[in-house]
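> Based on what follows, work out the 3D shape:
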Amino acid sequence: MDAFLLARGYRLGKTLGEGTYSKVKEAFSKKHQLKVAIKIIDKKRGPEEFIQHFLPRELQIVRRLDHKNIIRVYETLESSDGKIYMVMELAEGGDIFDYVAHGGPMPEGRTKVLFRQLVEAILYLHSRGVAHRDLKCENALLHKGITLKLTDFGFAKLVPTTTTDMSRTFCGSTAYAAPEVLQGVPHDSRKGDIWGMGVVLYVMLCASLPFDDTDIPKMLWRQQKGVSIPSPLSVSTECQHLLQRLLEPDMVQRPCIEEVSTHIWLATP
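Numbers count the residues shown, from 1 in each chain. Got it, this is the predicted structure:
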């Protein structure tokens with residue numbers, strides 16, 4: 001692995017994260033003259049559905065993305081021993097989950113600055129027919145503390161921009177999943193992204209998840225009841241209104257990303 005990457009101008013550093021059949025390592029790129037992140041996927045160890053279905057789709061999607069709030073993929077490589085290397089932009093500030101886990105709830109002003117950038121990223125994706133389908137705090141990275149960058153398109157899907165493409169697939173993380181996804185009913189993946197954004201916004205403001213996913217029937221009941229910011233935390237009425245709109249249990253009533261982007265909370269400095 002080291003020799004394969006070294007020959008292509010990458011000097012590996014520390015491991016940033018590790019899964020069952022993939023890991024992410026820091027590296028220095030001789031070609032780009034900067035630090036990068038390299039996601040290394042072992043095709044021999046990955047599940048067949050992932051290798052045959054999800055991975056090719058992820059590689060197809062990331063190559064067409066170019067947005068300041070989305071982690072850039074510089075190149076993808078494949079070695080003869082069945083390993084895929086995705087060379088990506090490095091966000092050195094960690095993810096939002098770690099940030100709030102260590103620092104507690106974010107002030108509303110800072111939350112707005114970062115959340116506005118997440119809205120920009122999703123607006124870009126949906127306008128290009130891409131649903132992310134795994135929006136969560138761990139996939140929202142911080143670069144230099146002020147720029148949010150969305151990553152991990154392992155569950156992303158191409159959806160037509162002109163028609164409603166209904167999916168039945170459950171993917172992503174249960175705690176961030178919309179009611180219709182959990183229930184397995186046909187759903188619009190883009191509306192699932194909107195719900196996931198709502199959970200991310202709640203976590204940023206409260207440093208906790210809005211719904212406990214250890215008991216799914218109870219979680220579905222709670223989702224129907226709606227959420228409110230727990231005391232003694234205090235956020236503006238406009239912010240609470242947006243949160244309730246994002247976490248609207250009725251998929252039809254939930255706003256699309258264009259509506260979200262014009263919400264009064266985001267429009268004010």
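> Flag the shaky bits of the protein, pLDDT-wise.
Residue ranges of the chain with pLDDT under 70: 1, 161-172.
> Residue nearest the middle of it, spatially speaking?
Centroid check for the chain by C-alpha atoms, centre = their mean gives Leu135 as the closest residue, at 3.4 Å.
> Spatially nearest residue to it (excluding sequence neighbours)?
The shortest distance from Leu135 to any non-neighbouring residue, by C-beta to C-beta, 6 or more residues apart in numbering, is to Gly196 (3.1 Å). Where you see a C-beta, it was placed from the backbone N, CA and C, and this is true even at glycine.
> Which strand or helix spans that neighbour?
helix 189-206 (DSSP states H and E).
> Check the offset of that helix from the chain's centre.
10 Å (C-alpha atoms, centre = their mean, to the nearest Å).
> follow-up on the earlier one: what separation is there between the residue nearest to the centre of the chain and Lys25?
Noted for Leu135: a distance of 24 Å to Lys25, by C-beta to C-beta, to the nearest Å.
> swap in Leu246?
34 Å.
> same question, Arg133
From Arg133 to Lys25 the distance is 25 Å (C-beta to C-beta).
> who has more neighbours, these two?
Arg133 (23 against 20; other C-beta atoms under 10 Å).
> Quick check: that one touching Ser189?
Yes: between Arg133 and Ser189 there is a contact under C-beta atoms under 8 Å: 5.5 Å.
> can you map out the helices along this protein?
2-6, 48-49, 55-62, 96-103, 108-127, 179-183, 189-206, 216-225, 237-246, 257-261, 264-267 (DSSP state H).
> Point out the other helices and strands that the third one packs with.
The reference is to helix 55-62. When contacts are defined as 3 or more C-beta pairs under 8 Å, 6 or more residues apart in numbering; DSSP states H and E, helix 55-62 packs onto strand 73-78, strand 83-89, strand 157-158.
> quick one: strands adjacent to the first one?
When you say that, I think you mean strand 73-78. Take DSSP bridges as the rule and strand 73-78 pairs in its sheet with strand 83-89 (antiparallel).
> which residues make contact with the partner strand from outside it?
Contact with strand 83-89 is made by 1, 4-5, 10, 27, 29, 36-43, 55, 59, 62, 71-79, 143, 149, 151, as judged by C-beta atoms under 8 Å, 6 or more residues apart in numbering.
> I'd like to know which of those are buried.
5, 10, 27, 29, 36-43, 55, 59, 62, 71, 73, 76, 143, 149, 151 (16 or more other C-beta atoms under 10 Å).
> So what touches stretch 118-132?
61, 64-65, 67-70, 135, 139-140, 148-150, 153, 155-161, 189-190, 192-194, 196-197, 200, 256-258, 260-261, 266.
> list the buried ones in it?
For stretch 118-132, by 16+ other C-beta under 10 Å, it's 118-126, 129-132.
> Tabulate those (CSV), appending distance to Gly19.
CSV is the format used below for the buried residues of stretch 118-132 (distance: C-beta to C-beta, whole Å):
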residue, distance to Gly19
Leu118, 23
Val119, 28
Glu120, 28
Ala121, 23
Ile122, 24
Leu123, 29
Tyr124, 27
Leu125, 23
His126, 27
Gly129, 28
Val130, 23
Ala131, 22
His132, 18
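> The protein - how does it break down into domains?
Taking automatic domain parsing as the criterion, the chain consists of the domains 2-89, 96-267.
> shouldn't Arg63 be in contact with Val73?
Yes: in this structure Arg63 lies within contact range of Val73 using C-beta under 8 Å: 6.9 Å.
> Report the set of residues contacting both of these two.
By C-beta under 8 Å, 6+ apart, no residue touches both Arg63 and Val73.
> Hmm, Arg190 and Val159 touching each other?
Yes: contact criterion C-beta under 8 Å: Val159 and Arg190 qualify, at 6.4 Å.
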